[in-house]
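Asker: Provided below are the primary sequence and the corresponding predicted coordinates.
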Amino acid sequence: MDRRLLLAIGLMLIVAVLPSILWPPERPSPDAAARAGQDSAAPRETPQVALAPETVFVAPEADQARPTAVPTDSVPLRIVDVESDLYRYEFSSRGARLTGAALRAYRSFAPGDSGTAQVIPDDSDFLAYKVIVGSDTVALADWTFEPDRETVAVPAEGEATLNWSGRRGNLVVRLAYVFRPGTYMFDVRGEVEGVDAAVISVGLGPRLRSVDADTGLDIQAYGVVTKSRSTERLNFSSLDPDERRELTGPFEWVAIKSKYFVAAVFADAEGQPRFGGVVAVGRPRTGRLATEAGTVASLPAPGGRFSHSVWVGPQESTRLKRVGRGFDDVNPYGWFLRPVIRPFVNYLIMPVLLWMHQSLNLAYGWVLILFGIMVRLVLWPLNQKAMRASTAMQAIQPEVKALQERHKQDPAKLQQEMMKLYKLHGVNPLGGCLPMLIPMPVLFALFFVFANTIEFRGVEFLWLPDLSRADPLYIIPILMGASMYAVTKLGQRGVPPNPQAKMMTYIMPPLFTLLFLKFSAGLNLYYAVSNLASIPQQWMISNERIARLGPGGGKGGGGPKDA
């Protein structure tokens, strides 16, 4: 039973992972990678996603004599810096848009890039607003807004506000951005004068800027995530060029994400208007890989007033949980295993790893080593029971074979007699399975944790430059494979010769080593330590087995040895 279970687990891993190794996703062309990682200094024109026919408001005749705005191209562009201990946001007077977000705590690892991670690309239309009244739409992205200050310093306590005002004809728009310390979130308050009811569309696209070493994997994670009753993700790679996908709300929040970073807009608290819908339009792709999508979210503005909040920052689990509203699920990973994986990640693995790192002041590498040992110690009693159940099953194998021979023509009778035999000897035929299954959710969960969790991004340990990426020297995966072989070999000590078991002993460790070669170094480190920590227990149980069954495991039907 144990061997069949291990084989099944191995086959599951092969089916889940081997295709991505044999047929990896196509890498973006150099032009696409450069566009995602290092944007051109000159912003390119960004196509607009219109929710209604594009028109302009025409002032009534009585208002024609009122002063009009100065043409946009004659007004110099102004950039307002908002400085915090966490970030430096840059806002442009052209549309009052967010045009830059440098996150001080994170470095850029993109090829040819260095310094602070800058996650908003030059061609972004993030926070590009449109005002929609009936069939009329006014895009504010090319308006010139006047800020009330040149720079904003977010205080250690309290808040700071950046006010904007823009005017064309008889239409006046005012915006206020409110910043608070210790968070990547800020509030937006807007007012469109003279409008009884409107819809505001908020630009979110076309993507975030790639600041990671593997630009291809980063782009592969690009997508838009929405939250209504649950979180749903639409990968950009699923969109064909110019394909329009409409997502129907209401949504509490809407976000675009890369592998480690996220930019999101939040509707106000309970009872306030929510985002009514999201439109995503695919942009040019390379091979099968879409690199971006024009994305807008719509928000009701009764009385011409609207408000929402904005987050531009890392997918850092503790901060995302602090925001609430299910924002920590902005990266809904786990494939079909998500219902099992998420509880392990949210309530066991990440809290324990973060507590050990912060409270014990340990580097994450040592945290993983201690965590691997700790898991084995916690499971020691269950593993002990499982291994002894396996030994007990081996002890009664001669009687099992005799029953199978005696009742081979009567399966129902055979099953009945087998149950009596198990009861007589106090043997549970499934007793060795459950303890083997318990560590697997932890292993699968760690696979997704290291693939998606920013806490391990760029973390060095010993010779490893980054725990979230593969070991460049392949030392850790080879150690993992060797430790797996040692555990499997010890598991066969004192067991009757079995061709199937022998095959697994020599095939599974190399196969797992091959599968894990490109996995994160942190995952390999945990698995290797977990295997090594189980060796003493395997040795003790194999000694018990030899003492009870003899060196050959009771080979030849001799039964258990006398105590």
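Answerer: Received it, and whenever you're ready, just let me know what you need.
Asker: For this protein, which segments count as helices?
Answerer: Counting by DSSP state H, the chain has these helices, from start to end: 2-22, 30-37, 215-220, 317-323, 338-344, 350-359, 364-395, 397-406, 411-425, 434-437, 439-452, 475-491, 499-516, 521-549.
Asker: Quickly list what Thr226 is bridged to.
Answerer: Glu232, Val254 (DSSP bridges).
Asker: what bridges to the closest residue to Gly205 other than its chain neighbours?
Answerer: Nearest in space to Gly205, with sequence neighbours left out and distances taken as C-beta to C-beta, 6 or more residues apart in numbering, is Thr295 at 3.9 Å. For the C-beta atoms, the positions are set from N, CA and C on the backbone; glycine is no exception. Legend: beta-bridge partners of Thr295 under DSSP bridges are Ala280.
Asker: Tell me how far Thr295 lies from Lys420.
Answerer: Separation of Thr295 from Lys420 (C-beta to C-beta, to the nearest Å): 66 Å.
Asker: Which of those two has more residues huddled nearby?
Answerer: Thr295 (28 against 11; other C-beta atoms under 10 Å).
Asker: Correct me if wrong: the more buried one contacts Val278.
Answerer: Yes - counting by C-beta atoms under 8 Å, Thr295 touches Val278, with 6.7 Å between them.
Asker: Now that we're looking at the residue nearest to Gly372 when sequence neighbours are not counted, what pLDDT does it have?
Answerer: What sits nearest to Gly372 in space, not counting adjacent residues and going by C-beta to C-beta, 6+ apart, is Val529, at 3.4 Å. With respect to pLDDT, Val529 scores 92.
Asker: ditto for the one 10 residues further on
Answerer: As summarised for this prediction, Trp539 has a pLDDT of 85.
Asker: cool, and Arg3?
Answerer: The model reports Arg3 with a pLDDT of 50.
Asker: just Glu544 next, same as before
Answerer: On the pLDDT scale, Glu544 is placed at 76.
Asker: picking up where we left off before, out of the helices of the chain, the one nearest Asp148 is which?
Answerer: Of all the helices of the chain, the one in closest proximity to Asp148, counting by C-beta to C-beta, is helix 317-323 (27.7 Å).
Asker: can you give me the mean pLDDT across that closest one?
Answerer: Here helix 317-323 scores 88 as its mean pLDDT.
Asker: what does that helix rub up against?
Answerer: Among residues not part of helix 317-323, those counted as contacts by C-beta atoms under 8 Å, 6 or more residues apart in numbering are 183-185, 266, 311, 313, 327-328, 330, 350, 354, 453, 455.
Asker: List just the one of the helices of the chain that sits closest to Val173.
Answerer: For the helices of the chain, proximity to Val173 was assessed by C-beta to C-beta; helix 317-323 is nearest, at 27.5 Å.
Asker: Would you mind listing the buried residues in the closest one?
Answerer: Of the residues in helix 317-323, those buried under the neighbour-count criterion (16 or more other C-beta atoms under 10 Å) are 317, 319-320, 323.
Asker: what would these look like in CSV with distance to Pro339?
Answerer: Supplementary listing: the buried residues of helix 317-323 in CSV, determined by distance: C-beta to C-beta, whole Å:
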residue, distance to Pro339
Ser317, 19
Arg319, 25
Leu320, 20
Val323, 23
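Asker: Out of those, the closest to Asp136 would be?
Answerer: For the buried residues of helix 317-323, the closest approach to Asp136 (C-beta to C-beta) belongs to Val323, at 35.0 Å.
Asker: if I look at that closest one, how far off is Tyr422?
Answerer: With the distance defined as C-beta to C-beta, Val323 ends up 53 Å from Tyr422.
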